[in-house]
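**Q** coords please:
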Amino acid sequence: MTVTIEVTAWSDPDGVKLRAAQRTELDTRYGADTEPGVKPTADDIAVFLIARDTSGEAIGCGALRLLGDGTAEIKRMFVVAAARGTGASTLLLHRLESEAVARGITRLLLETGPAQPDAVRFYQREGYTRAAAFGHYVDSATSLFFGRDL
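**A** This is a model prediction of the structure:
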């Protein structure tokens with residue numbers, strides 16, 4: 001499968017659908033919307049990406065939220081189930097990393113949870129290591145944190 005990655009607005013209709021699909025999946029895994037911290041918005045997202053398959057169908061997304069001091073947080077990283085295993089997630093992550101470097105970011109952080117072992121394996125495979133709690137998540141006892149220097 002050929003996957004293309006595009007920078008788009010947070011409000012892009014395909015992005016809205018992908019983020020809703022992610023929310024539904026996470027609510028199913030955790031039993032409710034248990035997201036700690038402040039939900040991302042167009043006002044605090046520096047870049048939003050959408051992955052598309054050969055037919056132009058939106059199959060994944062990811063975003064960066066700037067945290068200051070050369071650090072950004074990966075937000076809304078998601079690929080639809082039918083496109084998992086195609087390399088779309090890796091392409092999205094690598095493009096987020098490139099976008100971060102272009103903005104002077106030297107460290108990426110992310111928050112995930114114990115009901116997402118697939119995400120944990122993915123980030124570890126891509127060189128992310130356990131990190132300390134940060135930002136809005138410092139009081140989240142159930143979160144898992146990862147980071148990578150770029």
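
**Q** contact partners of stretch 12-30?
**A** Residues outside stretch 12-30 that contact it (CB atoms under 8 Å, 6 or more residues apart in numbering): 8-9, 33-35, 48, 50, 58, 60-61, 76, 78, 80-81, 113, 115-116. All C-beta atoms are positioned from the backbone trio N, CA, C, and that covers glycine.

**Q** which of these count as buried?
**A** 8, 35, 48, 50, 58, 60, 61, 76, 78, 80, 113, 116 (16 or more other CB atoms under 10 Å).

**Q** the residues you listed: which two are farthest apart?
**A** The most widely separated members of the buried ones among the contacts of stretch 12-30, counting by CB to CB, are 8 and 113 (26.6 Å).

**Q** for the chain, what spans make up the helices?
**A** 13-30, 88-102, 117-125 (DSSP state H).

**Q** figure out how far the first one is from the centre of its chain.
**A** The one in question is helix 13-30. 12 Å (CA atoms, centre = their mean, to the nearest Å).

**Q** can you pull up the bridge partners for the residue lying closest to residue 131 once chain neighbours are set aside?
**A** Nearest in space to residue 131, with sequence neighbours left out and distances taken as CB to CB, 6 or more residues apart in numbering, is residue 147 at 3.6 Å. With DSSP bridges as the criterion, residue 147 is bridged to residue 109, residue 129.
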